[in-house]
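Would you be able to build a 3D model of this:
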Amino acid sequence: MVEQVIPDAGKLVEQPYRNDFASWADVQEQFQMNEPEPDEVIFADYSYEDYEGWAEVLYRRGPAYFYVSGSHCSCWGLEGQWEPEAYVLATLILATERACDHPGRYSFLGSVAQDLLPALRARAQASSDTAKSEGEV
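Numbering: from 1, shown residues only. Take a look at the predicted model:
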């Protein structure tokens with residue numbers, strides 16, 4: 001089996017860490033998990049206001065992408081909510097398209113879905129072009 005090549009398409013989002021997340025260590029601390037830093041953090045946002053918080057994290061390990069979301073009221077934090085959902089790039093694109101088409105209905109990457117979608121499509125195209133040039137298609 002040939003390992004899928006992830007072309008260097010640059011960062012998908014200019015500043016992946018937002019609001020109360022400034023690093024992977026912040027993600028680990030808030031979710032109280034110890035998963036090692038991934039190959040690429042695409043988006044990590046944690047907003048905390050009036051004792052309530054909500055977070056979204058999208059990252060990549062090898063060819064797989066993972067999405068995690070969590071929220072809390074004043075009584076607790078994000079602990080116990082680290083449950084990554086795995087995606088291949090094509091499925092991630094479909095989920096992001098759905099979020100763009102129905103922004104009030106799906107919260108999936110709500111704040112960055114519109115900006116992220118063209119970059120995800122470009123990455124898929126670059127990956128397809130790389131596979132073709134290496135004779136894998």
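
So Asn34, which state does it fall into?
coil (DSSP: H, G, I helix; E, B strand; the rest coil).

so how many other residues sit close to it?
Look at Asn34: counted by other CB atoms under 10 Å, it has 7 neighbours. For every residue, glycine as well, the C-beta is placed using N, CA and C.

That one and Ala25: what is the separation?
11 Å (CB to CB, to the nearest Å).

got it, and Gly110?
Taking CB to CB, one finds Gly110 at 25 Å from Ala25.

Can you tell me the element the residue nearest the centre of the chain falls in?
Within the chain, one residue has its C-alpha closest to the average C-alpha position: by CA atoms, centre = their mean, that is Leu58, at 1.4 Å. Secondary structure assignment for Leu58, by DSSP states H and E: strand 52-61.

So which elements touch the next helix or strand after that strand?
Downstream of strand 52-61, the first helix or strand assigned by DSSP H and E is strand 64-72. Identification of packing neighbours for strand 64-72 by 3 or more CB pairs under 8 Å, 6 or more residues apart in numbering; DSSP states H and E yields strand 52-61, strand 85-87, helix 89-101.

Redo these as a markdown table? Include mean pLDDT.
Shown next, in a markdown table, are the helices and strands packed on strand 64-72 (pLDDT from 0 to 100):
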| stretch | mean pLDDT |
| --- | --- |
| strand 52-61 | 92 |
| strand 85-87 | 96 |
| helix 89-101 | 91 |
